[in-house]
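Peer 1: coords below, sequence missing:
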């Protein structure tokens, strides 16, 4: 498995890509929430920077516009393509992101779909499935897998949705911390349910929520409840041999310190 980290797309993206190499990484996921950067010129700059540093772009992580509240009160109504009010606009944006990912040669395209409906026998579930199918077919035409970032749904709901959409190019970007932060599953147990669909991993850690309105707390890798030695062992048993992308959702010097700590933490597991 390769160890990488996140690179957020802005005017300093080439410098950030060089930093990834300086950290001793082999890959990165490119993350973007600003669609103004989805240009041919920017794609060429990123490809050139990645090639010069010998880095793999393991996936493109694409956001969407509009209100987004990362909590249990407003999250159901504001996150991803599940909310009807935002759905059409966000699908258009994600298709634009898929086109940009194609320019970069990325085969995996990732996003948060939102709080997927738990009950499959509802019009809401069927409408969400139809929307995801449309987006997945678009990604398939671009030679891509469409990956669900985990967290906002139980593992069995995620697996059920993938099977129901049925386009053959759906996968999972496993974020073990998100499964904990949203109170949806123990990450190791989740792999037992949907492990065959995992095509990407975020190395991130956290705790279960205790406040009914708010997510749990993200932690430095190894300081939360994600059991990475067991998790990596189970992923290998399911045939996973892709990148492990370190993500630490803080900023400043502490973020870099924790990313480098995570790299050593993961290397010790992989080489143990």
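Peer 2: Cool, the structure landed. Fair warning: this is a prediction, and the values are worked out from it, not measured in the lab. Residues are numbered from 1 along each chain as shown.
Peer 1: which stretches of the stretch 51-200 of the chain form helices?
Peer 2: Assigned by DSSP state H, counting those that start in this stretch, the helices in the stretch 51-200 of the chain fall at 75-78, 84-104, 123-141, 155-165, 176-181, 187-194.
Peer 1: To residue 268, which of these lies closest?
Peer 2: Residue 268 lies closest, by C-beta to C-beta, to one member of the helices of the stretch 51-200 of the chain: helix 176-181, at 17.3 Å. C-beta coordinates here come from the backbone N, C-alpha and C atoms, glycine included.
Peer 1: Show me what counts as buried in the closest one.
Peer 2: Neighbour-count burial for helix 176-181 flags 176, 177, 178, 179, 180, 181 (criterion: 16 or more other C-beta atoms under 10 Å).
Peer 1: what's near enough to touch the second one?
Peer 2: What it means is residue 177. 202, 204, 205, 206, 218, 219, 224, 226, 247 (C-beta atoms under 8 Å, 6 or more residues apart in numbering).
Peer 1: Can you give me the neighbour number for the nearest residue to the third one once chain neighbours are set aside?
Peer 2: Nearest-residue entry for residue 205: residue 224, 3.4 Å, with adjacent residues in sequence omitted and distances by C-beta to C-beta, 6 or more residues apart in numbering. When neighbours are counted by other C-beta atoms under 10 Å, residue 224 registers 22.
Peer 1: can you offset everything so residue one is 32?
Peer 2: All right, first residue 32 from here; so that's residue 255.
Peer 1: Now do the same for residue 255: its pLDDT.
Peer 2: What the model reports for residue 255 is a pLDDT of 98.
Peer 1: what does residue 303 give?
Peer 2: Residue 303 is given a pLDDT of 83.
Peer 1: ok so, going back, could you single out the most deeply buried of the helices of the stretch 82-231 of the chain?
Peer 2: For the helices of the stretch 82-231 of the chain, average neighbour numbers computed from mean count of other C-beta atoms under 10 Å are highest in helix 207-212, which has a mean of 27.
Peer 1: thinking again about what came up before, the residue nearest to residue 236 against residue 238, yeah?
Peer 2: Yes. Look at residue 255 against residue 238 with C-beta atoms under 8 Å: they come within range, at 5.5 Å.
Peer 1: So for these two, which residues contact both of them?
Peer 2: By C-beta under 8 Å, 6+ apart, the residues touching both residue 255 and residue 238 are residue 211.
Peer 1: mind checking how far the closest residue to residue 99 other than its chain neighbours is from residue 125?
Peer 2: Nearest non-adjacent residue to residue 99, counting by C-beta to C-beta, 6+ apart: residue 109, 5.3 Å away. Distance, residue 109 to residue 125, using C-beta to C-beta, to the nearest Å: 16 Å.
Peer 1: again, but for residue 107
Peer 2: 19 Å.
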